[in-house]
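Engineer: mind looking at a prediction? Sequence and model below.
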Amino acid sequence: MRRTMLAVGAAALAATIGVTGAVAASASTMTEHFSIVSTSATSNVRSVIATGAFTAGGTDISGNTVDKMQFPGGNLTVTHKGPVKVTTNPKTCLVTETGTGTYSVSGGTGIYRGISGSGTFKLSVMLVEGRSSGGKCSMNVKPAAFQFMVDASGPVSLP
C-alpha cells in the first residue's frame, strides 16, 4: 500500500513538473529545426517537418526569398537569403546546387501567431539531367532523378 501511494505521488509530481516545464518552454525561446525535402523537380510544394519548440509536419511552399510553411495548427512565413553555387558535370549529367544562408520566421497564424525567430540553413540539391535523343545531357528533358534538401535551425520564440 505504501509503495503504491509513493508511486502515485511520484507520478503526480512528475506530471506536475512536466506540465510546468511544458508551459515554461512554450513561453520562452527554444531552438527549432526545419527539415524540408522533395523529389519533384517541377513542384514548389515540399514536405517540411519542424521539431524543437514545436513539432509539426506540413508543407513548405517555396518562393525565391519567401516561403510559406503550412501546418495543421497554422502557418508561418519564412524569409531567407544566401549564396547558392551550381555545378554541372556534362559527362555524367549531374547538377549539384549547394548553399548556406540565413532565415527569419514571422507572420504566424493560428497557434503560431506571434512567433519570431531566425537561424541558418544549408541547402543541397542534386539533379541527374535527362538525355536528349542524341545522348547529350539536357535540361529540356525530364530529369532522371531529383533531390532537394534543406536543414535549418535557430531560436524561435512563441508567445
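Structural biologist: Yep, that arrived.
Engineer: assumed Ile111 was part of a helix.
Structural biologist: Yes. The assignment for Ile111 is a helix, going by DSSP: H, G, I helix; E, B strand; the rest coil.
Engineer: let me see the contact set for the residue lying closest to it once chain neighbours are set aside.
Structural biologist: Once flanking residues are discounted, Ile111 sits nearest to Gly73: 3.9 Å by CB to CB, 6 or more residues apart in numbering. No exception for glycine: its C-beta is placed from N, CA and C like everyone else's. Taking CB atoms under 8 Å, 6 or more residues apart in numbering, we find Gly73 in contact with 56, 110-112.
Engineer: also Ser157?
Structural biologist: Ser157 neighbours (CB under 8 Å, 6+ apart): 28-29, 115-117.
Engineer: that one bridge partners, please.
Structural biologist: Counting by DSSP bridges, Ser157 is bridged to Thr29, Ser116.
Engineer: okay, now Leu123: neighbour count?
Structural biologist: Neighbours of Leu123 under the rule other CB atoms under 10 Å: 20.
Engineer: hmm, Ile49 and Glu32 touching each other?
Structural biologist: No. Glu32 lies out of contact with Ile49 (CB atoms under 8 Å); the separation is 11.1 Å.
Engineer: hmm, back to that, ok, so of the contacts of Ser157, who is nearest Asp151?
Structural biologist: Gly117 (15.8 Å; CB to CB).
Engineer: ok, now which ones touch the closest one?
Structural biologist: Neighbour list for Gly117: 29, 32, 104-105, 154-157 [criterion: CB under 8 Å, 6+ apart].
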